[in-house]
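Engineer: Need coordinates for the following:
(one chain, ligands or ions: 2)
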Amino acid sequence: MDVIPTAELHLHVEGALDPELLARFARRNGIAVPDLDPGRYVYADLQQFLDLRDSDLAVMRTEQDFFELAEHYLAQARAAGVVRAESFIDPMVHLQRGVPIEAVMDGFGAAFAAARADGLSCDLIVCFTRDLGADAAQATLDAVPPFRDRFIGVGLDSAEVGWPPALFADIYARAASEGLRLVAHAGEEGGPDYVREALDALHVERVDHGLRAMEDPDLVARIADEQVALTVCPLSNVALRAVPDMAAHPVFAMLEQGVRVTVSSDDPAYFGGGVDENHAALRRAGATEEQLVALARNSFDAAFVDDAERARLH
Ligand code: ADE
Ligand code: ZN
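Structural biologist: Ligands and ions are numbered 1, 2, ... in the order given. Take a look at the predicted model:
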């Protein structure tokens with residue numbers, strides 16, 4: 001099956017850390033190689049995945065590690081049909097481990113700059129790790145101005161419930177005033193109120209996941225009316241038990257109800273593959289080629305690019 005050219009708008013670069021890279025970085029940095037049994041990639045919920053991901057990230061220490069991880073994602077993404085990548089990074093997780101911010105921003109930034117020079121349309125989005133709290137998020141926003149040419153926007157990720165969007169309203173207002181694009185994870189674990197709050201308190205331009213918006217018909221009507229993009233990640237949603245199985249994934253209802261829904265891979269090394277594997281899983285669950293092409297068209301419409309670039313992507 002041919003790959004479908006698409007914009008991947010919901011991808012955590014740290015989530016591309018596969019067993020081969022894990023072993024390479026661990027050896028290079030003199031850290032014990034983690035247990036790489038495939039059984040490690042089974043989760044009861046979002047938190048179990050985050051715990052595994054955080055313990056894996058202990059192998060990442062140097063600018064070269066960050067560069068190679070991003071380079072690896074970008075090569076895989078190209079092969080999967082990605083023609084535009086807007087990719088999340090989580091500096092707070094690394095700073096907490098004592099890694100200097102320069103290693104993170106320069107390593108990731110240099111790989112994205114190299115891919116751009118090689119013809120791939122791609123940009124970084126700095127995420128705030130919401131369960132580290134608003135003060136840490138504020139400190140991150142304070143720390144990144146020297147790297148302003150490395151990223152185009154801010155996002156909000158990690159454990160959702162108990163960390164409602166409004167906690168971060170002042171930080172998002174400041175990011176907006178600095179010309180940054182705004183997105184946030186909402187409605188993955190949290191209910192429709194979290195999605196509404198991301199729109200009303202943070203003024204996000206896209207919602208990452210947004211699944212549970214579907215529980216509130218008025219909210220769905222608003223999202224469809226305003227053409228707010230939802231970046232859903234089918235394999236992730238099944239792996240983390242946000243949905244019971246692929247056939248029950250709300251992407252089908254979202255398309256039917258006129259929502260600007262897109263498909264991405266979230267954390268490809270942890271959930272069974274890249275955007276191509278997500279398309280394949282949707283096909284197996286009954287998605288038609290027309291539906292998959294509609295999802296890709298939505299991704300181009302939702303991308304943070306200018307009109308000329310959007311026309312080129314289409
Ligand atoms: N960070 C990486 N993947 C995530 C997800 N699916 N939800 C929240 N935070 C994440
Ligand atoms: Zn995510």
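
Engineer: and the residue nearest to Phe304 when sequence neighbours are not counted, what does it touch?
Structural biologist: Nearest residue to Phe304 in three dimensions, chain neighbours excluded: Arg181, at 4.9 Å (CB to CB, 6 or more residues apart in numbering). Quick note: C-beta positions are derived from backbone N, CA and C, even for glycine. For Arg181, the contacting residues are 125, 152-154, 205, 304, by CB atoms under 8 Å, 6 or more residues apart in numbering.

Engineer: Out of those residues, grab the one that's most surrounded.
Structural biologist: Val154 (28 neighbours; other CB atoms under 10 Å).

Engineer: Counting neighbours, what do you get for the residue nearest to Trp163 when sequence neighbours are not counted?
Structural biologist: Using CB to CB, 6+ apart and skipping residues adjacent in sequence, the residue nearest Trp163 is Arg130, 4.1 Å away. Neighbours of Arg130 under the rule other CB under 10 Å: 24.

Engineer: wait, isn't Arg130 in contact with Ser158?
Structural biologist: Yes: with contact defined as CB atoms under 8 Å, Arg130 and Ser158 form a contacting pair (5.2 Å).

Engineer: quick revisit: how about the residue nearest to Phe304, phi and psi?
Structural biologist: Dihedral pair for Arg181: phi -80, psi 150, per degrees, to the nearest 10.

Engineer: Look up how far ligand 1 lies from it.
Structural biologist: Arg181 sits 18 Å away from ligand 1 when distances are taken as CB to the nearest ligand atom, to the nearest Å.

Engineer: Show me what that residue bridges to in the sheet.
Structural biologist: Going by DSSP bridges, Arg181 is paired in beta bridges with Gly153.

Engineer: By proximity to ligand 1, which residue of the stretch 1-150 of the chain wins?
Structural biologist: His12 (4.2 Å; CB to the nearest ligand atom).

Engineer: Just give the number of residues close to the residue nearest to that residue when sequence neighbours are not counted.
Structural biologist: Using CB to CB, 6+ apart and skipping the chain neighbours, the partner closest in space to His12 is Phe88 (4.7 Å). Look at Phe88: counted by other CB under 10 Å, it has 26 neighbours.

Engineer: Phe88 sits in which helix or strand?
Structural biologist: strand 82-89 (DSSP states H and E).

Engineer: Check the contacts of Arg181 against ligand 1 and report the nearest one.
Structural biologist: Nearest to ligand 1 among those, with distances taken as CB to the nearest ligand atom, is Ile125, at 12.2 Å.

Engineer: Next, that closest one: secondary structure please.
Structural biologist: What DSSP: H, G, I helix; E, B strand; the rest coil gives for Ile125 is strand.

Engineer: Which residue, neighbours along the chain excluded, lies closest to it?
Structural biologist: Going by CB to CB, 6+ apart, Ile125 has Gly153 as its nearest residue, at 4.5 Å.

Engineer: what does Arg284 give?
Structural biologist: Met246 (6.9 Å).

Engineer: Just the pLDDT for the closest residue to ligand 1 within the stretch 51-200 of the chain.
Structural biologist: As assessed by CB to the nearest ligand atom, ligand 1 sits closest to Asp157 within the stretch 51-200 of the chain, at 3.6 Å. Per-residue confidence at Asp157 stands at 98 (pLDDT).

Engineer: cool, and the one 3 residues further on?
Structural biologist: In the predicted model, Glu160 carries a pLDDT score of 97.

Engineer: before we move on, back to that, surely the residue nearest to Arg284 touches Ala281?
Structural biologist: Yes: the criterion here is CB under 8 Å, and Met246 meets it with Ala281 at 5.5 Å.

Engineer: Overlap in contacts, those two.
Structural biologist: With CB under 8 Å, 6+ apart, Met246 and Ala281 have common neighbours 234, 238.

Engineer: residues near Val238, how many?
Structural biologist: Neighbour tally, Val238, other CB under 10 Å: 19.

Engineer: any idea which element it lies in?
Structural biologist: Short version, using DSSP H and E: Val238 is in helix 234-239.

Engineer: Could you pull up the mean pLDDT of that helix?
Structural biologist: 98.

Engineer: and what of stretch 92-101?
Structural biologist: Rounded mean pLDDT across stretch 92-101 is 96.
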